[in-house]
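S.K.: Sharing a sequence plus its predicted fold:
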Amino acid sequence: MPIFELAPGDLRLSIDASSLGFADTSELLHLPLPWIGQARAEEAARFGMEMAQPDYNLFVLGEVGSGRTTLLGQMMRAQAALRPVPPDLCYLHNFDEAEHPRALRMPAGQGRQLRQLMGQLAKRLQAEIPKRLAQDDFKAESQRIREACTIEKDRGYVALSAYAEAHSFGLMRDEGHMVFTLKDEKGEPVTAGKALARTQQQRVEVEKAEEALRDEISRYLEKTQSMDRVMNEGLAALRRQTIKPLLAHELQLIRNGLLPDVQGDAKLGLFLEQVHHAVLEDLELFQPGDDEQVRLEALEVVLLLFRVNVVVDNHALEGAPVILEDNPLYRALFGSIEYASDGNELATDFSHIRAGSLLKAHGGFLMLHLRDLLADEPVWEKLRRFMRSGRLQIEEPGMVHAPMAAVSLAPEAVDVQVKIVLVASVEEYYAVQAADPEFARRFRCKVDFAESFTATADSARATAIFVAHTCQRKALMHFSAEAVGVLIEETHREAQDKTRQSAIFALSEALVMESADLAQRRAARTVQAQDVYAAREARIHRLSYPEQRLQETIADGERLLDVRGERVAQVNGLTVLDLGDYCFGFPVRVTARTYAGEDGLLNIEREVELSGPIHDKGVLILHSHLSALFAHIAPLALNAAVVFEQEYSGVEGDSASCAEFYALLSSLSGLPIRQGIAVTGAINQHGEVLPVGGINEKIEGYFRSCELLGLDGQQGVLIPRRNVRHLMLDTKVVAAVRDGRFHIYTADDVGEGMSLLTGVRFGDKGVGPYAADSVLGRAQKTLQRFRRACAASVVHQGPAHQKGHRSQV
């Protein structure tokens, strides 16, 4: 096909505001926010969320700003509303093993109810038990038990006293101790002098009598201790008998205060039985005593064991929980156990257990970002174990390395049923697939967000709905249809395609906010197209300082760029610089030199390691095509070098291979190239021009350079015809083309481009020898001259030199 110059209407897509069907976006607020251009992702996400089988967690792939988090969060909430409210999770004191608190799941709201009931129980017991134990009948019965014991003790003491008297001893009680003294015949105590005056036989008899009395005293004391035990047991039994009805009534009130399904729970029943037993065992702590402070402290310790630690309270939920965890630290995700210093030891108990996001999301959905997990190895390993077992054990990491001894606590592990939505980039997804297939197997539902989508009338309306919801969410003024049309055009620009829109709506959202701000400053009622254009220009101005400085080097003459006249072996190529937040095009001079030799094509960038593999591939492909064009005079006697002038930061990509090819052919043919026309495009081995990326930025960058140096109506660019659909040029460029001050040409074949640049017919490819007046014919003549020069050099050197040359190799 011949060279084709594009008309202004080919350079960008314009959206007709009247076709959108509304005056401003306030008319669209009643419509739900759609998944714009993400039908595949929406279908996959719905499948994964509705799939009840295990291991169908969702792995969400997509670029930042594609709406993956917002849309998945929206669907999670919609799905959660259809699910039942999951149960509460409580931890209770384990009276058998305090270091292993028991987990108890209860219907939503029942955990809070149980905690309240147990708190009320503790208060009522503190108030009612002392009252019951202070009643007259209890006191009378207690007094009877004590008096019966006292009578028995007195009866034994009388018998013991009689025994002592019969053996000449006097016996008395002194502060709980038995004291006896030896008496003489008159009943008087034996003094030390009288005792020494006794005979040996008498002293032996006294010692035996004393030993026998001591035995009797011991037996008496054992009996009194037994009597005390019986009395205490009787008193304890009386207390239990008195309090049992109260306690049974109070515990029944707790059961009655819960749902019927909960009342028969085995774990709850065991806990209440243990509470019943613990109260009856420590009833004396409820009675005032001598040391009130010690008693009250001990009572508080007992009552604290009756508390209920509701770690997950779902009483306020409507549907299943939805948690978006943006800070998945170990404790935040898996829960924790809080410790407090108690002297030289770190102490804790069941009431200091705290739930993490996984436990809170039981029965619902949890969204995580893969990058956050990979940045914390302990979190990643713990999550892997959880995904394998489905059970979560709350533990406090790092307690092994605590600076002091710590009380060990291992709460009962619980089953957790949660649908995890893991958000990642494409690269992260495939890295996990390769490095950890077991983990990846737990995420069988892949939700792949597209970067762009085919533009339709429906997608345009969906974009307008997105703008409406953004205005409502951000409290912004609404957009007119014309302004929305400009925003839609911008999505085409971001996608670099007239037929497709970008799915990275974060960029559109930012432009919506910036446009609304400008409209507000001029006191407008709605955002108009002029505001969107102004916001876009303001953003470019904020980000384009690096481009400005490079363009200034051209205006100052520091960088060499000719945009007028003709030059042999010199052509203006087009490059793109991507700074992350801003991408722009910039021209670069490409030059070539050719001469007789046998070394072939030299890529100077490659020799100095300033080129990437794709660029090197492009150079090899153009060399292959060049060799094929002149295969009829092979082997070629050619030395050639091609270089990007004043380029010191490296070159990557094959979009300059056409420019390099034209520079080489110009050098071989001696034909000058029009310097006003810059070139971009890749080449294949058949000489076809292939589309390239960044086409809009390249054209606009060269246009700005020509503006700086002066537009004369002869400048323009030559691009691949296959890139026409990608054109979404700035309105300034379109206006310049309309006025004839700038031109955009397209080509399918490198021969067409060479004819445009030189004004000379290219020649019939593949039909050599070529016509002498064609580009290929002139290059053919030069290559034949090179061959003759090489052959003459070999003949001149002679066989000896040739032999020496071969041995040197």
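M.R.: The structure has been received and is ready for your questions. Residues are numbered from 1 along each chain as shown.
S.K.: Please make it C-alpha for all contacts and neighbour counts, starting now.
M.R.: Noted.
S.K.: Is the residue positioned nearest the centre of the chain bridged to anything, and to what?
M.R.: Nearest to the geometric centre of the chain sits residue 369, at 2.0 Å (Cα atoms, centre = their mean). Counting by DSSP bridges, residue 369 is bridged to residue 423.
S.K.: hang on, it packs against residue 422?
M.R.: Yes - counting by Cα atoms under 8 Å, residue 422 is a contact partner of residue 369 at 5.6 Å.
S.K.: and the lengthiest helix in the chain, what's its mean pLDDT?
M.R.: Looking across the chain with DSSP state H, the single longest helix is helix 200-256. Summarised as a single mean, pLDDT over helix 200-256 is 83.
S.K.: for it, packing partners?
M.R.: The contact analysis (3 or more Cα pairs under 8 Å, 6 or more residues apart in numbering; DSSP states H and E) places helix 200-256 against helix 110-133, helix 136-166, helix 266-281.
S.K.: Quickly, which of those bottoms out on average pLDDT?
M.R.: Note on those: lowest mean pLDDT is at helix 136-166, with a mean of 82.
S.K.: Enumerate every residue touching residue 373.
M.R.: 328, 379-380 (Cα atoms under 8 Å, 6 or more residues apart in numbering).
S.K.: From these, pick the one nearest residue 212.
M.R.: Taking Cα to Cα as the measure, residue 379 is the one of those closest to residue 212, at 76.3 Å.
S.K.: Tell me how far the residue lying closest to the closest one once chain neighbours are set aside lies from residue 481.
M.R.: In this structure, residue 379 finds its nearest non-sequential neighbour in residue 330, 5.5 Å apart by Cα to Cα, 6 or more residues apart in numbering. Going from residue 330 to residue 481 by Cα to Cα, to the nearest Å gives 48 Å.
S.K.: Ok, residue 566 next?
M.R.: Taking Cα to Cα as the measure, residue 566 falls 48 Å from residue 481.
S.K.: between these two, who's got more neighbours?
M.R.: The residue with more neighbours, out of residue 566 and residue 481, is residue 481; 25 against 17, by other Cα atoms under 10 Å.
S.K.: Tell me the first helix or strand C-terminal of the helix or strand encompassing residue 665.
M.R.: Assigned by DSSP states H and E, residue 665 falls within helix 657-669. Moving toward the C-terminus from helix 657-669, the next helix or strand (DSSP H and E) is strand 672-674.
S.K.: can you give me the mean pLDDT across that next one?
M.R.: Mean predicted lDDT for strand 672-674 stands at 96.
S.K.: What of stretch 452-465?
M.R.: For stretch 452-465, mean pLDDT rounds to 95.
S.K.: Output that stretch as PDB, restricted to C-alpha atoms.
M.R.: Extracted in PDB, the C-alpha atoms of stretch 452-465 (Å, rounded to 0.1, in the frame of the first residue of the first chain):
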ATOM      1  CA  SER A 452      -8.600  -2.600  29.500                       C
ATOM      2  CA  PHE A 453     -11.900  -3.600  27.900                       C
ATOM      3  CA  THR A 454     -13.700  -3.200  24.600                       C
ATOM      4  CA  ALA A 455     -15.600   0.100  24.500                       C
ATOM      5  CA  THR A 456     -19.300   0.000  24.000                       C
ATOM      6  CA  ALA A 457     -22.300   2.200  24.600                       C
ATOM      7  CA  ASP A 458     -22.900   0.200  27.800                       C
ATOM      8  CA  SER A 459     -19.400   0.700  29.000                       C
ATOM      9  CA  ALA A 460     -19.700   4.500  28.400                       C
ATOM     10  CA  ARG A 461     -22.900   4.600  30.500                       C
ATOM     11  CA  ALA A 462     -21.200   2.400  33.100                       C
ATOM     12  CA  THR A 463     -18.300   4.900  33.300                       C
ATOM     13  CA  ALA A 464     -20.900   7.700  33.800                       C
ATOM     14  CA  ILE A 465     -22.400   5.800  36.600                       C
END
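S.K.: So for it, what gets flagged as buried?
M.R.: Applying a neighbour-count criterion of 16 or more other Cα atoms under 10 Å, one finds 452-453, 455, 459-465 buried in stretch 452-465.
S.K.: Which parts of the stretch 601-750 of the chain are strands?
M.R.: 639-644, 672-674, 677-679, 682-683, 689-690, 716-720, 743-747 (DSSP state E, counting those that start in this stretch).
S.K.: circling back: my guess is the residue nearest to residue 379 contacts residue 378, does it?
M.R.: Yes - contact criterion Cα under 8 Å: residue 330 and residue 378 qualify, at 7.4 Å.
S.K.: Among those two, which residue is more densely surrounded?
M.R.: Using other Cα under 10 Å as the criterion, residue 330 and residue 378 rank with residue 330 on top: 21 against 14.
S.K.: Look up how far residue 103 lies from the more buried one.
M.R.: 21 Å.
S.K.: Kindly report the same for residue 488.
M.R.: The value you get for residue 488 to residue 103, if Cα to Cα is used, is 55 Å.
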